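In: no letters, just coordinates:
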């Protein structure tokens, strides 16, 4: 049975407060600068399995334990080289996303999966130092003070939160939207075991018609593009209109 969630809409607002959706939920920290007008209630069915599957797919890069999880600053990695204990090491990813390993030196781990780091280490050690090395990389500790930017941005990845961080600041850190971007972004947030999503038009945020929302640790920002068309369109259909905030 679908769960029906009541949302209040504010005309001219890029996103409604989470408080409009469910009692006790927290706001994204953003409301429109435009004056509030008459609002009307909207009921949104958000427990559709397809919607949840799409959300899970779009946010897999930020889910600890998921094979698609991308390593972020301050995560702790266990690097093991079979039968070569002197090359096995537990390391913390720097705020720049790098790790320093024996023989290999400094290499980039941030924004990559554990499997991708394994493959590069295996290739580097095999080319220069060992015959058929067997390398295992596991994420031992997950850093929580982070946001993830995916989709049509020039530099997708995982970025640390250091103080206040807004949507536009996060996009700037990712070097802005890719030319293929459609100006629409979705912010995913997990709080209290519940996932929610809000849709924003970046052009409206930049013009000041909609306030620049403040991000929180763990947020996932996905920018739309033609490459994301199927999953993106499925999810946009699940979000009723641009000014509604939905619990998934």
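Out: Received the coordinates, thanks. As the structure is a computational prediction, the values presented were derived from the model and not from experiment.

In: tell me where the protein has strands.
Out: Secondary structure of the chain (DSSP state E): strands at 4-8, 41-45, 76-81, 89-92, 98-101, 105-108, 135-141, 146-151, 157-160, 181-191, 194-201, 220-225, 245-247.

In: need those strands in JSON lines (columns: mean pLDDT and mean neighbour count).
Out: Backbone N, C-alpha and C define where each C-beta goes, glycine included. As requested, the strands of the chain are exported to JSON lines (pLDDT from 0 to 100; neighbours: other Cβ atoms under 10 Å):
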{"stretch": "strand 4-8", "mean pLDDT": "32", "mean neighbour count": "16"}
{"stretch": "strand 41-45", "mean pLDDT": "33", "mean neighbour count": "14"}
{"stretch": "strand 76-81", "mean pLDDT": "97", "mean neighbour count": "19"}
{"stretch": "strand 89-92", "mean pLDDT": "97", "mean neighbour count": "15"}
{"stretch": "strand 98-101", "mean pLDDT": "96", "mean neighbour count": "18"}
{"stretch": "strand 105-108", "mean pLDDT": "96", "mean neighbour count": "13"}
{"stretch": "strand 135-141", "mean pLDDT": "97", "mean neighbour count": "17"}
{"stretch": "strand 146-151", "mean pLDDT": "94", "mean neighbour count": "24"}
{"stretch": "strand 157-160", "mean pLDDT": "92", "mean neighbour count": "22"}
{"stretch": "strand 181-191", "mean pLDDT": "90", "mean neighbour count": "20"}
{"stretch": "strand 194-201", "mean pLDDT": "88", "mean neighbour count": "20"}
{"stretch": "strand 220-225", "mean pLDDT": "93", "mean neighbour count": "24"}
{"stretch": "strand 245-247", "mean pLDDT": "66", "mean neighbour count": "24"}
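
In: now those in CSV, please, with extra columns for distance to residue 234.
Out: Shown next, in CSV, are the strands of the chain (distance: least, Cβ to Cβ, whole Å):
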stretch, distance to residue 234
strand 4-8, 18
strand 41-45, 14
strand 76-81, 34
strand 89-92, 38
strand 98-101, 36
strand 105-108, 33
strand 135-141, 29
strand 146-151, 14
strand 157-160, 25
strand 181-191, 12
strand 194-201, 12
strand 220-225, 12
strand 245-247, 14
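
In: go through these and name the closest to residue 65.
Out: strand 135-141 (8.3 Å; Cβ to Cβ).

In: give the other helices and strands that the closest one contacts.
Out: strand 76-81, helix 114-128 (3 or more Cβ pairs under 8 Å, 6 or more residues apart in numbering; DSSP states H and E).

In: what residues are up against residue 185?
Out: Contact analysis of residue 185 by Cβ atoms under 8 Å, 6 or more residues apart in numbering lists 151, 167, 171, 199-200, 202, 221-224.

In: farthest pair within those residues?
Out: 171 and 199 (15.0 Å).

In: tell me where the model's unsure across the chain.
Out: 1-47, 240-246 (pLDDT under 70).
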